[in-house]
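Give the three-dimensional model of this entry:
(one chain, ligands or ions: 1)
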Amino acid sequence: MQVIDILNRKGRDVTSLPPDANLSDATILLAAKRIGAVVITDPAGSIGGILSERDVVRALATESVRALALPVSNYMTRTVATCLEGDSLEDLMEMMTQGRFRHVPVQNAEGRLCGIISIGDVVKTLIEETTREASNLRQYIAAAG
Ligand code: AMP
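A predicted model of the protein is given here:
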């Protein structure tokens, strides 16, 4: 199973914001879309950072509501780990485990943002794969018996 297989099923929409959007805009977007992270892109569409719900919690814990009026660029993670469509599910899980994050933007061969995979997508895919394998095994055993 590769990243491209997950994207083909879930779609390639990426919710993004410019770096000068404020933290309040980001929280509204995260809540409205029921997602955990937003990619911060510059006008050319390049990835400038990622802001997750954890960053919002950290900002509110340290700066209280004052943070809500400040730009997301103050709180985003600037060095973003990305993956390619050809990367395997195992590569992705390794990246998330090592990096301790739950979202990985996908870039195509030209370096353009073409999707995002969350830990929820990974878990869903693993459950589907396991269920399919179990069903195949049951059919195999029933046919053999
Ligand atoms: P998450 O587990 O995705 O909510 O993110 C936890 C922390 O890692 C937050 O500070 C995020 O900004 C950061 N983060 C999330 N995804 C990535 C990524 N792909 N590369 C680097 N940092 C990330």
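
And for Arg12, nearest residue in space, chain neighbours not counted?
Gly115 (4.4 Å; Cβ to Cβ, 6 or more residues apart in numbering). To be clear about C-beta, it is placed using only N, CA and C from the backbone, and glycine gets the same treatment.

Which residues are in contact with that neighbour?
Contact analysis of Gly115 by Cβ atoms under 8 Å, 6 or more residues apart in numbering lists 3, 7, 10-14, 85, 105-106.

between these, which is nearest the ligand?
Pro105 (6.2 Å; Cβ to the nearest ligand atom).

dump the residue contacts of that closest one.
So Pro105 contacts 14, 39, 47, 50, 80, 82-83, 113, 115-116 (Cβ under 8 Å, 6+ apart).

next one: the helix or strand hosting Tyr140 to chain centre, how far?
Remark: Tyr140 resides in helix 119-144, with elements defined by DSSP states H and E. Taking the mean of its C-alpha atoms, helix 119-144 sits 24 Å from the chain's own mean (Cα atoms, centre = their mean, to the nearest Å).
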